[in-house]
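S.K.: Mind folding the following:
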Amino acid sequence: MGIVQAKLFLNKEKLVAIEIPEEKKYYSFIQEYIQKGYRQIIIPSDILVELLKYIFLKKENSKIIDIEFLEEDEKFQEEIDNLIHKTNNEDRGYFVSLLDHINYVAQDKTVEIKKVRFKYRVDGKLIDISISINGLLNYKNNTNVSNEIKNISQFILDRMGWII
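M.R.: Below you'll find the predicted structure:
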């Protein structure tokens, strides 16, 4: 059960995740799919926050593992990491404080989210996914993950309908 890397592309009116072969260089992979008519996407921070909310509130045993930001601010990152720890290990109510911190900087447009990572279970199987602002996905492959990737892709597309 290795780590798989995939890229979200817009293809006509669908958002699809295409696995990146291990032997393929990222740039040549991107160019190949652009030539086939696929378009890259950028996922705004507010959509990544909405995805975090959805996963955290709707998925069994969900945990936020990491939230990375484009701008490096050690103090802010420590605050976020501390709130993630408290949310996962002490009281899920800290999720509200975590969202408040993220929303404050997201609305201010001072800091953009670079990547989010979360874990949860579907039918007892662990789903462990990270998604980056550029649509890059990293996940542990198992029998349920492809359906979850489709659901996440649709969730994102439903909130970014303006890109079609």
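
S.K.: so who does residue 3 touch?
M.R.: Neighbour list for residue 3: 138-141 [criterion: Cβ atoms under 8 Å, 6 or more residues apart in numbering]. The way it works is simple: take the backbone N, C-alpha and C, and place the C-beta from them, glycine included.

S.K.: distance of it from residue 132?
M.R.: Remark: distance between residue 3 and residue 132 (Cβ to Cβ, to the nearest Å) = 14 Å.

S.K.: Give me the common contacts of these two.
M.R.: Common neighbours of residue 3 and residue 132 (Cβ under 8 Å, 6+ apart) do not exist.

S.K.: which stretches of this structure have low pLDDT?
M.R.: 1, 106, 108-110, 162-164 (pLDDT under 70).

S.K.: The contacts of residue 3 into a markdown table, with extra columns for neighbour count, secondary structure and distance to residue 42?
M.R.: Shown next, in a markdown table, are these (neighbours: other Cβ atoms under 10 Å; DSSP: H, G, I helix; E, B strand; the rest coil; distance: Cβ to Cβ, whole Å):
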| residue | neighbour count | secondary structure | distance to residue 42 |
| --- | --- | --- | --- |
| 138 | 15 | strand | 17 |
| 139 | 22 | strand | 20 |
| 140 | 15 | strand | 25 |
| 141 | 13 | coil | 25 |
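
S.K.: possible to save the residues you listed as JSON lines with distance to residue 81?
M.R.: What follows is these, written out as JSON lines (distance: Cβ to Cβ, whole Å):
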{"residue": "138", "distance to residue 81": "19"}
{"residue": "139", "distance to residue 81": "22"}
{"residue": "140", "distance to residue 81": "22"}
{"residue": "141", "distance to residue 81": "27"}
